[in-house]
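A.B. asks: Below is the sequence, then the predicted model.
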Amino acid sequence: MNDAEDAAAPEVATPERVAELSDNLDAARARLAQACTAAGRDVDDVDLLVVTKFFPAADVRALIGLGVRAFGESREPEAGRKAAELRADTAESLAFHMIGQIQRKKAKTVGRWADRVHSVDSDRLADALDTAVAAALDEGDRHTPLEVLLQLNLDSDPDRGGVVVGDLEALADHVAGLEHLRLRGLMVIAPQTETPEVWMERAASIRVGFLDRHPDAVEFSAGMSGDLDEAVRHGSTCVRVGTAIMGARPIRSP
Ligand SMILES: *Cc1c(COP(=O)(O)O)cnc(C)c1O
């Protein structure tokens, strides 16, 4: 994209690292396939989103070589830098999803690189993203509307983000009315206080009412390494897996 990146040869992962990522990816795919079979679902109905936050572009490049095309990121500006770098040197069409909480002042850059945001939880954030996407479309930095999932808060701990159930409908209506956002579904993060089976069932029942009113918003981002089986059983369309594929996150981000 810019001169500095053009000049630098892209970093590549070591053969050992590529082998490790390949093995982990195979295992995660096998586990997802098994969960789908157990739930009587088609494996193609559940996306595996590889969460690459904190890991260098070289790892993402290795994953692209292994056939991965969609990545979950949660930190700005790390995410935007990686997305720009990888798009500049990859012919494949890549999707970058923002899955973490977004400070409103960072919405501007997220609106440039993100194909989908899983973590919209307020009118103000939705408005900021809409404005950012409008500008990015205008400037030719992007060519599509931003897909949006609403993050449900199931444990009422405001620090973990998400909209409480009582405010979900108003937020959904607000997002549906914004020109540059497309309401695509819901996202949940495991609350700390309940077993996956209990809270997934609650999330799934909230989703039934939501789908009644927004029948096109069918995406359901739910499940990570620890609760993938329950999530798939309760209708997840996207599991977000980081550690099980990438290994333990480094302390410092690239
Ligand atoms: C980091 C993250 C993940 C991945 O978590 P792992 O435990 O590393 O698999 C999933 N979802 C969200 C929202 C995250 O921030």
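C.D. replies: Perfect, I can see it now. Note that the structure is predicted; figures quoted are calculated from it, not measured.
A.B. asks: ok, which stretches of the stretch 101-250 of the chain are strands?
C.D. replies: Applying DSSP state E, counting those that start in this stretch to the stretch 101-250 of the chain gives strands spanning 116-120, 146-152, 181-188, 219-221, 238-241.
A.B. asks: which stretch among the ones you listed comes nearest the ligand?
C.D. replies: strand 238-241 (3.7 Å; Cβ to the nearest ligand atom). Just so you know, the C-beta spots here come from the backbone N, C-alpha and C atoms, and that holds for glycine as well.
A.B. asks: For the stretch 151-254 of the chain, which residues are neighbours of the ligand?
C.D. replies: Within the stretch 151-254 of the chain, the positions adjacent to the ligand are 189, 224-225, 240-244 by Cβ under 6 Å from any ligand atom.
A.B. asks: of all those, which two lie farthest apart?
C.D. replies: Greatest spacing in these, by Cβ to Cβ: 189 and 244 (16.3 Å).
A.B. asks: And these two? Which one has more around it.
C.D. replies: residue 189 (22 against 17; other Cβ atoms under 10 Å).
A.B. asks: tell me the contacts of the more buried one?
C.D. replies: Residue 189 makes contacts with 151, 160-162, as judged by Cβ atoms under 8 Å, 6 or more residues apart in numbering.
A.B. asks: tell me the pLDDT at it?
C.D. replies: At residue 189, the model reports a pLDDT of 91.
A.B. asks: What does it show for phi and psi?
C.D. replies: phi -110, psi 140 (degrees, to the nearest 10).
A.B. asks: got it, and residue 103?
C.D. replies: Dihedral pair for residue 103: phi -70, psi 140, per degrees, to the nearest 10.
A.B. asks: Enumerate every residue touching the nearest residue to it once chain neighbours are set aside.
C.D. replies: Leaving aside its chain neighbours, residue 103 sits nearest to residue 76 (7.9 Å; criterion: Cβ to Cβ, 6 or more residues apart in numbering). Counting by Cβ under 8 Å, 6+ apart, residue 76 touches 102-103, 106, 109-110.
A.B. asks: Please check those and keep the buried ones.
C.D. replies: 102, 106, 109-110 (16 or more other Cβ atoms under 10 Å).
A.B. asks: Setting aside sequence neighbours, what's the nearest residue to the residue in the stretch 101-250 of the chain that the ligand sits nearest to?
C.D. replies: Nearest residue of the stretch 101-250 of the chain to the ligand (Cβ to the nearest ligand atom) works out as residue 242 at 2.7 Å. Closest residue to residue 242 apart from its sequence neighbours, by Cβ to Cβ, 6+ apart: residue 51 at 3.4 Å.
A.B. asks: Retrieve the pLDDT associated with the one you found.
C.D. replies: 98.
A.B. asks: again with residue 16
C.D. replies: On pLDDT, residue 16 comes in at 97.
A.B. asks: cool, and residue 196?
C.D. replies: So, for residue 196, pLDDT stands at 89.
A.B. asks: residue contacts, it?
C.D. replies: 190, 226-227, 230-231.
A.B. asks: try it again with 10 Å
C.D. replies: Taking Cβ atoms under 10 Å, 6 or more residues apart in numbering, we find residue 196 in contact with 190, 222-224, 226-231, 233-234.
A.B. asks: now the helices: where do they sit in the stretch 51-200 of the chain?
C.D. replies: Secondary structure of the stretch 51-200 of the chain (DSSP state H, counting those that start in this stretch): helices at 57-65, 78-89, 107-113, 123-138, 165-176, 196-213.
A.B. asks: With mean neighbour count as extra columns, can I get the strands of the stretch 101-250 of the chain in JSON lines?
C.D. replies: Shown next, in JSON lines, are the strands of the stretch 101-250 of the chain (neighbours: other Cβ atoms under 10 Å):
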{"stretch": "strand 116-120", "mean neighbour count": "25"}
{"stretch": "strand 146-152", "mean neighbour count": "26"}
{"stretch": "strand 181-188", "mean neighbour count": "24"}
{"stretch": "strand 219-221", "mean neighbour count": "24"}
{"stretch": "strand 238-241", "mean neighbour count": "24"}
